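*Asks:* just coords:
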């Protein structure tokens, strides 16, 4: 039974939940604990690593994209107590997101010969642009990625992200626990899992991507003495699709506090 969904996005990045609507979504899913892990942003409204909102425990988290050289990875930091260094890096990344968004939007508008109902801003991600494309054209959300803004598509613009080592160190200084997100999303899962040698955790349970050997993750957990984490990677309002049972959450909670 999932009691802790430790991978949830809000409107601070590319999710649809807010901190105000999150508790009701958690209750609908029967979830007691939610980690807010917005992309490359902390949340100033979360005043401590663990807080309670309307009876739901909220973990202050972050999902940080990093460059591991051979591929880009996502790190999850749990129990954030922001440092000036992490905040400065997040500010830099958000400025890069704003400029990247402007370039992507202008490219898509030129190709579609229409104006998109989206503006460059902090927290902007490609899903926002894909939704805007779907709103004003015959292209669906998925087709927007396929034809315009996916990797290697004509309107794709890469982001400038910190190195794996710098991102890990920034999170280690600010968080109680740092882990690798969704290992089967990367082109080279084994190389991604090898990076767990210098991490605390790995996302073991999530609702997609297990079309290869999940034993690879179990092996990494044993080899590097990792804590298994998990969550829905929710961008909409359905929580609890994956996550931790009570015993697994207690181990993570102890590491965070």
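*Replies:* Received, thanks. These numbers were taken from a predicted model, which means no experiment stands behind them.

*Asks:* Low-confidence ranges, the stretch 101-250 of the chain, go.
*Replies:* 209-212 (pLDDT under 70).

*Asks:* So if we follow the domain assignment, how does the protein break up?
*Replies:* Listed by automatic domain parsing, the domain ranges of the chain are 4-73+175-256, 82-174.

*Asks:* deepest of these, which one?
*Replies:* domain 4-73+175-256 (a mean of 19; mean count of other C-beta atoms under 10 Å). Every residue, glycine included, has its C-beta placed from N, CA and C.

*Asks:* Distance from that domain to the middle of the chain?
*Replies:* With C-alpha atoms, centre = their mean, to the nearest Å as the basis, domain 4-73+175-256 stands 7 Å off its chain's centre.

*Asks:* how long is it from one end to the other?
*Replies:* One end of domain 4-73+175-256 sits 14 Å from the other (C-alpha to C-alpha, to the nearest Å).

*Asks:* Please apply the same query to stretch 135-154.
*Replies:* Distance across stretch 135-154, first residue to last, is 20 Å (C-alpha to C-alpha).

*Asks:* List the contacts of that stretch.
*Replies:* Residues outside stretch 135-154 that contact it (C-beta atoms under 8 Å, 6 or more residues apart in numbering) are 104, 107-108, 111-112, 114-117, 126-127, 129-131, 133-134, 155-156.

*Asks:* check contacts around residue 251.
*Replies:* Contacts of residue 251 by C-beta under 8 Å, 6+ apart are residue 227.

*Asks:* Where do the helices of the stretch 101-250 of the chain begin and end?
*Replies:* Applying DSSP state H, counting those that start in this stretch to the stretch 101-250 of the chain gives helices spanning 126-136, 141-144, 164-174, 189-194, 215-224, 246-256.

*Asks:* So for residue 86, which of these sits nearest?
*Replies:* helix 164-174 (4.5 Å; C-beta to C-beta).
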